[in-house]
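Quick one, what's the 3D model for this:
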Amino acid sequence: MDLTLAAEQSGQTLSTSIASTLRAAISNGELEPGRKLRLDDLRATFGVSLSPLREALSRLSAEGFVVMEDQRGYRVAPISEHNLVEVTKLRAMVETFALGEAIAKGDDKWESEVVASLYRLNKLERADAPSDQGAWEAAHRDLHYRLISACGMPLLLSFSATLHDLNDRYRRLFLRSRPFDRIVRREHTDMSNAALERNAQLACEIMRTHIERTGSNIRKALLRTEPAAKQVD
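Next up, the predicted model:
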């Protein structure tokens, strides 16, 4: 995990860049649930003062990726069945609403972006398992974003992105060892086609099923696993 690059990205404040890097590390499991985030270690890694670091951690705490402990600093947020169910329900509600709005407002540019994004994702899914998991993750996230991008509501898009990252954290932790699910490709294709055909009801039904089915699979895997909410120093 190369954290030092975060503070060098142009167009971003230090705290935004640090938060982005830590969020990605938490989402992909590099920083495991319950791990203590020592400020001195993070200061040395990022090469920054405490002020932007605390601002970044406060932002991540508000988003649900980090928890603050009185007089004890910060930890990566633990995981639990209850939190997973909540995230899944909220994501199904928020993303389907955003999709309906995008279908109603989307123009030709939106359509072309959805088509291009779906093509890139399907190209990576042709094999039994994606050869480049990182590229698949990026393409998968991009398709979900493109589908709702025309909703015209920046706050809704921001909230949806946070829920997507929180959900992805569970998916990567508990489904990473499962064989590639071909149903996922069909759902992405059917959902995108319905959206492009302006069939909002069908597109939203497919998206809700897609999100809830994945959440159910993660929940089953979570319940089979030793409780992972134990704190790690």
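
Mind jotting down where the strands sit in this structure?
36-37, 66-69, 73-76 (DSSP state E).

How about the contacts made by E101?
I148, A150, C151, G152, M153, L156 (Cβ atoms under 8 Å, 6 or more residues apart in numbering). Just so you know, the C-beta spots here come from the backbone N, C-alpha and C atoms, and that holds for glycine as well.

Could I get these in a markdown table, plus columns for neighbour count?
Listed next are the contacts of E101 as a markdown table, based on neighbours: other Cβ atoms under 10 Å:
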| residue | neighbour count |
| --- | --- |
| I148 | 28 |
| A150 | 22 |
| C151 | 22 |
| G152 | 13 |
| M153 | 16 |
| L156 | 17 |
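
one step back: which one of the strands of the chain lies closest to L163?
Ranking the strands of the chain by proximity to L163 (Cβ to Cβ) places strand 66-69 first, at 16.1 Å.

Need the residue closest to the centroid of this protein.
Central residue of the chain (Cα atoms, centre = their mean): D165, 1.9 Å from the mean position.

Might one say that it is in contact with L22?
No - shown here, D165 and L22 do not form a contact pair, counting by Cβ atoms under 8 Å, at 11.3 Å.

Need the residues touching each of the two.
What both D165 and L22 touch, as defined by Cβ under 8 Å, 6+ apart, is the set F65.

Once you drop chain neighbours, what's closest to R198?
I103 (5.7 Å; Cβ to Cβ, 6 or more residues apart in numbering).

and the one you found, how many neighbours?
Burial measure for I103: 23 neighbouring residues, criterion other Cβ atoms under 10 Å.

list the contacts for it?
Per Cβ under 8 Å, 6+ apart, neighbours of I103: A150, A195, R198, N199, A200, A203.

Could I get those in JSON lines, plus columns for distance to D40 and pLDDT?
Shown next, in JSON lines, are the contacts of I103 (distance: Cβ to Cβ, whole Å; pLDDT from 0 to 100):
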{"residue": "A150", "distance to D40": "45", "pLDDT": "98"}
{"residue": "A195", "distance to D40": "48", "pLDDT": "98"}
{"residue": "R198", "distance to D40": "55", "pLDDT": "98"}
{"residue": "N199", "distance to D40": "55", "pLDDT": "98"}
{"residue": "A200", "distance to D40": "51", "pLDDT": "98"}
{"residue": "A203", "distance to D40": "49", "pLDDT": "98"}
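
Mind telling me the two of the residues you listed farthest from one another?
Within the contacts of I103, two members stand farthest from each other by Cβ to Cβ: A150 and N199, at 15.5 Å.

ok so, going back, ok, so what distance separates the residue nearest to the centre of the chain from V87?
10 Å (Cβ to Cβ, to the nearest Å).

same question, L22
The value you get for L22 to V87, if Cβ to Cβ is used, is 18 Å.

who has more neighbours, the two?
L22 (27 against 23).

give the contact list for that one.
With contacts defined as Cβ under 8 Å, 6+ apart, L22 is in contact with L3, L31, L37, A56, L57, L60, F65, V66.

what number of residues lie near the last one?
V66 has 22 neighbours, counted by other Cβ under 10 Å.

Need the phi and psi values for the residue of the chain most remote from its centre.
Most distant from the centre of the chain: Q71, at 29.8 Å, with distances by Cα atoms, centre = their mean. The main-chain torsion angles of Q71 are listed as degrees, to the nearest 10 and equal phi 60, psi 10.
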